[in-house]
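Colleague: coords below, sequence missing:
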């Protein structure tokens, strides 16, 4: 796991300065866009060929507008900030030079969850944790009402405590 | 010490007989037929009959049926794909064809065909580096446009068995490369990753590229 963290922190230097956790083993069957959309069965990308999935009716173009529209099909709306609003579920779209690269989803604790390509899922305290040369920066945040069954501190999460805890790095 | 043309020729011929042709003899034969012997099939085979057979090589396993099937897969629209090879000793025919190749053609083949060992080493280096350098990307475009991925596509048909074995042992996003090289796509719209892997492995088995 230490080797995994070292690899991650080389690719995403901001992780060295924030709390994060590796939350899963690597998986090549789904990507960050799928993970942000709540789908672990497919790899979302706007290309024509199988096995890549893109919502019906959304242009298969690697442009931010297409990614925004893809999440709009799931009920998300364009929104401005990544602050925690317990009644809303949020996703952040990243872009590098205007080209979409990544998506992260906010958990009810306020922590963000990211699937990193074919590698791990991680949970990170701040959106900037995975900003940098790999993914660029956050280009759009969207939100939708959080479903009643998944809202609140049902899992016992305390976002303030999680965010304030010391780094889990070895 | 200066190498004579005949020694050089023998060296190339040995090299080709020893390794490259086991992998993809049809490419060699078709190249030979299409670039150096543009003449009717019967005339061409008859001309080969007049040539001395080459020494035994490692091509014995190559059955006419297998050869015919591969030709039809590779070049379905070509004249070769319509020829009935039943009853033709393809291995012998191939040996004769190779023994008649001029030196410059042998050099050409040597230049553009890798030995199995060379190919495996190159493929493994490219595949490993590609996998490492693209592990954090979600972008299919970035994955397939990566220089190492493009080089693997550039290896052509010779790389199909390696690609399929890689897919079998370490499933990854090789679909684009497979489709580009094979000119085929056994996946269906709506397939997820696992189904696409299975579709390609079934295809590879059906074509005889993997077991």
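Modeller: Perfect, I can see it now. Because the structure is a prediction, the values reported are computed rather than measured.

Colleague: so what's residue A:45 scoring on pLDDT?
Modeller: Note for residue A:45: predicted pLDDT of 97.

Colleague: what's the burial count for it?
Modeller: Other residues within reach of residue A:45, judged by other C-beta atoms under 10 Å in any protein chain shown, total 24. Any C-beta I mention is one placed from the backbone N, CA and C, and that applies to glycine too.

Colleague: then the one 4 residues further on?
Modeller: Residue neighbour count, defined by other C-beta under 10 Å, stands at 15 for residue A:49.

Colleague: who are the contact partners of it?
Modeller: Neighbouring residues of residue A:49 by C-beta atoms under 8 Å, 6 or more residues apart in numbering or on different chains: B:175-176, B:179, B:185, B:187.

Colleague: wait, is it part of a helix?
Modeller: No: under DSSP: H, G, I helix; E, B strand; the rest coil, residue A:49 sits outside any helix and is assigned coil.

Colleague: how close does it sit to residue B:189?
Modeller: Distance of residue A:49 to residue B:189, computed by C-beta to C-beta, to the nearest Å: 9 Å.

Colleague: what's the answer for residue A:14, then?
Modeller: In terms of C-beta to C-beta, residue A:14 sits 38 Å off from residue B:189.

Colleague: start and end of stretch A:5-17, how far apart?
Modeller: With C-alpha to C-alpha, to the nearest Å as the measure, stretch A:5-17 spans 13 Å from end to end.

Colleague: neighbouring contacts of it?
Modeller: For stretch A:5-17, contacts defined as C-beta under 8 Å, 6+ apart pick out A:22, A:116, A:119-120, A:122, A:124, A:128-132, A:134-135, A:169-170, B:136.

Colleague: repeat that for 10 Å
Modeller: The contact list for stretch A:5-17 (C-beta atoms under 10 Å, 6 or more residues apart in numbering or on different chains) reads A:18, A:20-22, A:114, A:116-117, A:119-120, A:122, A:124, A:126-135, A:167-170, B:132-133, B:135-136.

Colleague: one step back: okay, residue A:14 and residue B:189: which has more neighbours?
Modeller: Of the pair residue A:14 and residue B:189, residue A:14 is the one with more neighbours under other C-beta under 10 Å, namely 16 against 9.

Colleague: how about the residue nearest the centre of chain A, secondary structure?
Modeller: Centrality entry for chain A: nearest residue to the mean C-alpha point is residue A:104, 1.2 Å, by C-alpha atoms, centre = their mean. At residue A:104 the chain is in strand, as set by three-state DSSP.

Colleague: then the one 10 residues further on?
Modeller: Following three-state DSSP, the label given to residue A:114 is strand.

Colleague: so how far is residue B:138 from it?
Modeller: Residue A:114 is 10 Å from residue B:138, by C-beta to C-beta.

Colleague: cool, residue A:31 as well?
Modeller: According to C-beta to C-beta, residue A:31 stands 4 Å off from residue B:138.

Colleague: tell me the spacing between residue A:51 and chain B.
Modeller: Using C-beta to the nearest C-beta, to the nearest Å, residue A:51 is found at 4 Å from chain B.

Colleague: residues contacting that residue?
Modeller: With the criterion set at C-beta under 10 Å, 6+ apart, residue A:51 makes contact with A:29, A:42-43, A:45, B:173, B:175, B:187-197, B:199.

Colleague: isn't residue A:59 up against residue A:66?
Modeller: Yes: judged on C-beta atoms under 10 Å, residue A:59 makes contact with residue A:66 at a distance of 4.9 Å.

Colleague: quick one: which of the contacts of stretch A:5-17 sit in strands?
Modeller: A:20-22, A:114, A:122, A:124 (DSSP state E).

Colleague: those residues of chain B touching chain A, which are they?
Modeller: B:131-144, B:170-173, B:175-176, B:179, B:185-197, B:199 (C-beta under 10 Å from any C-beta of the partner chain).

Colleague: of those residues, grab the buried ones for PyMOL.
Modeller: In PyMOL syntax, the buried subset of the residues of chain B next to chain A is picked out as below (16 or more other C-beta atoms under 10 Å in any protein chain shown):
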select buried, chain B and resi 131+133+134+135+136+137+138+139+140+142+143+144+171+172+173+175+176+179+185+186+187+191+192+193+196+197+199
